[in-house]
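Novice: sequence first, then the predicted structure, then my questions.
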Amino acid sequence: GAGVSQSPSNKVTEKGKDVELRCDPISGHTALYWYRQRLGQGLEFLIYFQGNSAPDKSGLPSDRFSAERTGESVSTLTIQRTQQEDSAVYLCASSFSGEGNQPQHFGDGTRLSIL
Amino acid sequence: GDSVTQMEGPVTLSEEAFLTINCTYTATGYPSLFWYVQYPGEGLQLLLKATKADDKGSNKGFEATYRKETTSFHLEKGSVQVSDSAVYFCALRGDRGSTLGRLYFGRGTQLTVWP
């Protein structure tokens, strides 16, 4: 079946602009996650949605970052007033449930470049 | 808090050599452990997992055993191939509270296999 789908695959924008990144999780997966991967570094957790529970936003680096999810489907990650340090690959993942033993399946990511 | 420490690369091997990539973790409770692989130009893929102590995860000739006594989950392969060249990430997912959602990743180990 279809995997996690992210769009756009690449985004180049000027400093100070707002950007919106989209994630379509695997159908039937109740849990959705956003991570950031800066060049040469590991993955940094941003936010986690599980069903109708309040999201875990503890990884968001500043109030310029926000994310929404509609039910158990599409999620959008919004970065306002982008800065050069926001340049990274933004990865979305989903899992069948929020149980700890469930693997997370990743999309191909959105490569964001801030000029 | 929960964390993963992974041996730094890059690792360069000849084809058919034995591979070990060390991974140790710090966590409360009983986390699940994962190895993810990122091939050049591709997204992050689950390679194998183990969800309880003494479990052995295996896939594509790779193996890793969940050792609670040494808090380790080392990745091994008896005979590497050129096609194994990729970045390998060790990760854990907690089983309780705020650690339940996110994956904690190591920084990744770049493996290059020469023919």
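Specialist: Yep, it's here.
Novice: in the chain, what spans have low per-residue confidence?
Specialist: All of this refers to chain A. A:1, A:100 (pLDDT under 70).
Novice: that was the other one, I meant chain B.
Specialist: B:97-100.
Novice: spell out which parts of it neighbour chain A.
Specialist: Taking C-beta under 8 Å from any C-beta of the partner chain as the measure of proximity, chain B contacts chain A at B:31-32, B:34, B:36, B:42-46, B:49, B:51, B:89, B:91, B:93-96, B:98, B:100-108. Bear in mind the C-beta positions are built from the backbone N, C-alpha and C, glycine included.
Novice: in ChimeraX, select just the buried ones from these.
Specialist: Per 16 or more other C-beta atoms under 10 Å in any protein chain shown, the buried members of the residues of chain B next to chain A correspond to this ChimeraX selection:
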select /B:31,32,34,36,43,44,46,49,51,89,91,93,94,95,100,101,102,103,104,105,106,107,108
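Novice: return the subset of the residues of chain B next to chain A lying in strands.
Specialist: Members of the residues of chain B next to chain A lying in strands (criterion: DSSP state E): B:32, B:34, B:36, B:44-46, B:49, B:89, B:91, B:93, B:104-105.
Novice: widest-spaced pair of these?
Specialist: Pairwise distances across these (C-beta to C-beta) peak at 18.2 Å, for the pair B:Q45 and B:Y104.
Novice: and chain A, which residues reach chain B?
Specialist: Counting by C-beta under 8 Å from any C-beta, the residues of chain A close to chain B are A:31, A:33, A:35, A:41-43, A:45, A:48, A:50, A:56, A:58-59, A:91, A:93, A:98-101, A:103-109.
Novice: show only the entries of these found in strands.
Specialist: Using DSSP E, A:31, A:33, A:35, A:43, A:45, A:48, A:50, A:91, A:93, A:105-106 are the members of the residues of chain A next to chain B that sit in strands.
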